Every structure is written in structure tokens, then in C-alpha cells.
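[1] what's the 3D shape of this:
(one chain, ligands or ions: 1)
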Amino acid sequence: MTETRTILVADDDRAIRTVLTQALSRAGYAVRATSSAATLWRWVEEGLGDLVVTDVIMPDENGLDLVPRIRRVRPDLRVVVMSAQSTFVTAVKAAQRGAFEYLPKPFDLKELLAVVARALAAPAVIVQENAETDGEKLPLIGRSPAMQDIYRTVARLTTTDLTVMITGESGTGKELVSRALHDYGRRRAGPFIAINMAAIPRELIESELFGHERGAFTGALARGVGRFEQAAGGTLFLDEIGDMPPEAQTRLLRVLQEGEFTTVGGRNPIKANVRIVAATHRDLRQAIRQGLFREDLFYRLNVVPIRLPPLRERAEDISLLARHFLERAKASGLPGKQLDETAVDRLRQHSWPGNARELENLMRRLAALYPQEVIGADAVHAELMDAENQIDEGRSGPETLEQAVERHLSGFVAAQRDGLPVRDLYERVLAEVERPLLRLALAATRGNQIKAAAMLGLNRNTLRKKIRELDLPVVRGLP
Ligand SMILES: Nc1ncnc2c1ncn2[C@@H]1O[C@H](COP(=O)(O)OP(=O)(O)OP(=O)(O)O)[C@@H](O)[C@H]1O
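    Residues are numbered from 1 along each chain as shown. As a prediction, this is how the structure comes out:
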């Protein structure tokens, strides 16, 4: 029989102690629970317990302050921190002080039990205490579960130098997250250097990244220092990595493999000393299938992926963010404004294709243009409509597929509003797109399913299955 493990629980809320004690006992652990940090500390000093689960705010001491002390006297004793103050800074502090895991309250018991099991099973590693970042100013706003997951990941990453790949639509905060990784990470004393692949002429990207020797190309009058060298000791943020030209991709891959680089026109290898954070709004897997992005480079960069959800998937963050942006606008010299509840409701109805950046711009406009101190739904609505009209007018060139689909679907949804309930809409709409797509691919390859599958980037069996499901005619050699 395996020995019973003992969990030490500290929380000043009796209800939480009861629930945790019951759940952990039922799962086969012995439990000791207390409401005070002092008692927890005494147990730890006496050598009791195999794991600590502690709250942050307790009447006599902050649970986070206990973590480094616990780790000093009992480095093997893992600590799980729970907190209702579920902010980015709490998550980072818990990670930096050596907590094994951080659980934002409320959490579900299954999650807690999984964390407890993991903590007890994890091999004993001595977590180095990391120097602390100070300040409570929050770099990232949002309390949605999706953001909590991101805080936890970012917090854990601040104690490592692992390469990170951030994906997300434009304006979701990719640059902000990369800055937080740097500002709260081990390299924060070093530089943070950003380079945007989409903003630099393709032929200059290699020399921008790696530097060049004098005379390496026409116009290279002096030696140029590249971003890799500038970022030494710090973080290099490769923005819009999906837009990197193929030659630069090959060169970057070599740097990641070998840990050193040479300047354009140079011979002597220079040791790379950067933490790389890459970001993209593109679907890189699709770019790989299209032969536009190197798969081997992708795997080198995608060591820890972070996906930033679009704002419409975390509507509960909109009001916090909006108020945060109004504060920022005020700090930059614009008049201070409040939003009333109707304004917040109207904000929640919008789909935010430009994500947090769009919300930030809207808040700045409201602060600058409206005289009243309290902003209501009317002002928000008027500004949203105005921005939409401007986009429509400014739209040049042919309509994109996405726009066409959206136009079509909004008409469809509006027509159904008072009619019968809509069913299976997702399947039906996808079939509408899939059918012409497959038909065209088959026509273009004269019914050759191998070629059509390659063209579509689909597996041959998947294509065959889809042809059957969509009831498409199979014709060979035509037209
Ligand atoms: N969670 C957040 N909390 C506070 N501010 C945010 C948050 N997310 C985004 N912002 C703000 O929104 C703006 C856009 O964010 P950012 O530039 O990081 O987006 P991005 O994903 O890098 O965009 P792009 O892909 O267009 O470069 C910035 O001013 C940023 O400070």
C-alpha cells in the first residue's frame, strides 16, 4: 500500500477549507487545514505535509510572502497558490517566488485535484528563486478564463528563456504580451528589440536582423549592427514572422540550430544571446502547406505557443479594458470620462474585428470628441457606426471572400430572425463554401483527385470522404 500523502491547506475562508478538506480526503489524501499563515508556517517548520495549498490574503500574513520562506527551509515541498485577486501580477509573483502552480479563484475541484496530483508526482527540482519585479501596475488587463490561462503561461515563462510563438488576430495584444515576457522575465535588465518583418523591404531583412559588413552590398558604406546584436542579453521580438522571406528563414533556422550567426558579408560567427519571441496573425500551418514557411523553422519557434483569443471571445473583458483605455487617454492629457451601463452593453454587442486596438481607439475618440462626462450607449453607437462607414468608404479594390460571405450571411440571418428556428447553420454554411471549392479544384485538375487533394492541401482520403458527403459528381478528364 502506498503511504498517505498529507496536504496542508491554508485559507481564512471556512467554506473553502471545508470544501477542500472534503474533496482532498475523498481523493485519498490526509488534510490539515488552518486559517492562519502562522500555523501553516509552524507545520512546515515541523516537517509536516507533502504539499501546501495556500490562499494569498490571510489575516496575519500574505501567502505569497510565505512561498520563498517555505522553499528555503523545505525545497522539496511544493506550494500551490490560490487567489481571488486573479491578476497578471499575482500569477507572475507566484511563479517568481517558486510556487508550483497558481490557481485563480474560483476554480473547479477537478482542476485542483489534477494540480495536486501533478505537484506530488513532479520530480524534485530545485526552483531557483528569481529576482522580483516590482510594481503593481498591470501590463495586461482582463479577468476572463482565457486571459487567466495566458497569465499563467506567461508567468511560468518569465522564469525561463524558452522561445515563444504568439498567435492572434491583429490588435489582440501580441506585442504587449511579448513585452510582458521581457519586462517580468529573467532578461529584463537587457534590451527589448522588436522587428516587424512586414514593415521592412524584403531585401533588407537579413541585414537588419544580422547586420552587415562594410561593402557587403551597394549602399553598405559602413558596418551595420543587426537586431540580433542589439538585443544581446535581452529579448528579440520577431513580429509578423509569417512574412519573413525564404532566405531569411533559412538563415534564422541556422542561428537557432547553431546558436551563432554571421553578418551579411561577414565570416566570423557571433554568439547569439537573445530570447526569441515570435508573433504572427497568420495561420502558419497553412503557410507551411503552401510552401511559404519552413516547417523546421516553425517547430524551432513554436516551442511554447500562446494563442491570444480575439476580443469577441472574451466579451467579459470589454468593460475592464474600455475603462482601462479611458484611464490611459486621461493620463495622456485627454478629458476623463465614465461609461454608463448602457454604453458597456452596446460595446459588448460589437464584434471588434480590430480587437483591443479598435477598442482603445474608440475610447480615445469618445474622450476627445464628447463633452459630457458620462458616456452612454448613443455616443458609443454613433462612433461605432461612423467608423464602420469610413471603413466602407475607404474600401478599395474588389470585395474579399470574407466580406462577401459576411454580407451574404448577415442577409440570411436577418431574414430568419422572425421565422422558424435556424438549425445546423454551421454545417450548412461550411457546405456552401466547400462545395464550390472542391468543384473548382476538381475541375482545375480534370477530376484527378490526387492532384486536387494536393492543390487543396487535403489528405486524399479526406477529399474522397468530402466528395461523398457533399454528393459531388466524380468526372474524370473533364472539362
Ligand atoms: N489585455 C490587454 N490589456 C491592456 N491593453 C491591451 C491588452 N491587449 C491589447 N492592449 C492594447 O491594445 C493595443 C494593441 O495591442 P498590440 O499592439 O500588442 O497588438 P498586436 O496583436 O501586437 O497587434 P498587431 O498584430 O496589429 O501588431 C495596444 O495599445 C495594447 O497596449
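[2] now do the buried residues in stretch 204-222.
    Using 16 or more other Cβ atoms under 10 Å as the test for burial, stretch 204-222 gives 205-213, 216. Heads up, the C-betas are built off the backbone N, CA and C, glycines and all.
[3] oh sorry, the question was meant for stretch 223-238
    224, 226-229, 231-232, 234-238.
[4] for residue 305, helix, strand, or coil?
    strand (DSSP: H, G, I helix; E, B strand; the rest coil).
[5] no wait, residue 103
    Of the three states, residue 103 takes strand under three-state DSSP.
[6] any idea of the pLDDT on residue 316?
    At residue 316, the pLDDT value in this model is 91.
[7] so which bits of the chain are right by the ligand?
    140-142, 168, 170-176, 281, 321, 324, 356-357, 360 (Cβ under 6 Å from any ligand atom).
[8] swap in 5 Å and give it another go.
    140-142, 170-176, 281, 356-357 (Cβ under 5 Å from any ligand atom).
[9] need the longest helix for this protein.
    In the chain, taking DSSP state H as the definition, the longest helix is helix 425-444.
[10] pull the CA atoms of that one into CSV?
    Once non-C-alpha atoms are left out, helix 425-444 reads as follows in CSV (Å, rounded to 0.1, in the frame of the first residue of the first chain):
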residue,chain,number,x,y,z
LEU,A,425,-26.3,26.6,-39.6
TYR,A,426,-22.6,25.9,-39.2
GLU,A,427,-22.6,22.7,-41.2
ARG,A,428,-24.8,24.2,-43.8
VAL,A,429,-22.7,27.4,-44.3
LEU,A,430,-19.5,25.4,-44.5
ALA,A,431,-21.0,23.0,-47.0
GLU,A,432,-21.9,26.1,-49.1
VAL,A,433,-18.3,27.1,-49.2
GLU,A,434,-16.8,23.6,-49.5
ARG,A,435,-19.0,22.6,-52.5
PRO,A,436,-17.8,25.2,-55.0
LEU,A,437,-14.2,25.0,-53.7
LEU,A,438,-14.0,21.3,-54.3
ARG,A,439,-15.8,21.5,-57.5
LEU,A,440,-13.4,24.1,-58.8
ALA,A,441,-10.3,22.2,-57.6
LEU,A,442,-11.6,19.0,-59.3
ALA,A,443,-12.4,20.9,-62.5
ALA,A,444,-8.9,22.6,-62.5
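[11] could you dump the helix or strand following that helix to PDB, C-alpha only?
    Moving toward the C-terminus from helix 425-444, the next helix or strand (DSSP states H and E) is helix 449-456. C-alpha atoms of helix 449-456 as PDB (Å, rounded to 0.1, in the frame of the first residue of the first chain):
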ATOM      1  CA  GLN A 449      -8.300  13.500 -57.100                       C
ATOM      2  CA  ILE A 450      -4.600  13.200 -56.100                       C
ATOM      3  CA  LYS A 451      -3.800  16.500 -57.700                       C
ATOM      4  CA  ALA A 452      -6.900  18.100 -56.400                       C
ATOM      5  CA  ALA A 453      -6.100  16.900 -52.900                       C
ATOM      6  CA  ALA A 454      -2.600  18.400 -53.200                       C
ATOM      7  CA  MET A 455      -4.000  21.600 -54.500                       C
ATOM      8  CA  LEU A 456      -6.300  21.900 -51.600                       C
END
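[12] how far out from the middle of the chain is helix 449-456?
    34 Å (Cα atoms, centre = their mean, to the nearest Å).
[13] can you check stretch 27-46 too?
    Centre-to-centre, stretch 27-46 and its host chain are 36 Å apart (Cα atoms, centre = their mean).
[14] cool, stretch 301-310 as well?
    Relative to the mean C-alpha coordinate of its chain, stretch 301-310 is positioned 5 Å out (Cα atoms, centre = their mean).
[15] quick one: low-confidence ranges for the stretch 1-150 of the chain?
    Counting by pLDDT under 70, the stretch 1-150 of the chain has low-confidence residues at 1-2, 86, 123-138.
[16] in it, which residue sits nearest the ligand?
    Sorted by distance to the ligand under Cβ to the nearest ligand atom, the residues of the stretch 1-150 of the chain start with residue 141, at 3.6 Å.
[17] I figured that residue hits residue 318, correct?
    No: using Cβ atoms under 8 Å, residue 141 is not in contact with residue 318; the gap is 10.4 Å.
[18] find the centremost residue of this structure, please.
    residue 308 (3.3 Å; Cα atoms, centre = their mean).
[19] hang on, the earlier thing: of all the buried residues of stretch 204-222, which two lie farthest apart?
    Pairwise distances across these peak at 16.7 Å for 205 and 213 (criterion: Cβ to Cβ).
[20] and for the residue of the stretch 1-150 of the chain closest to the ligand, the neighbour number?
    18 (other Cβ atoms under 10 Å).
[21] out of the buried residues of stretch 204-222, which are inside helices?
    Applying DSSP H to these, the entries found in helices are 205-210.
[22] which one of those sits closest to residue 333?
    Comparing those against residue 333 with Cβ to Cβ places residue 208 closest, at 34.2 Å.
[23] quick check: that closest one touching residue 194?
    No: in this structure residue 208 lies outside contact range of residue 194 using Cβ under 8 Å: 11.6 Å.
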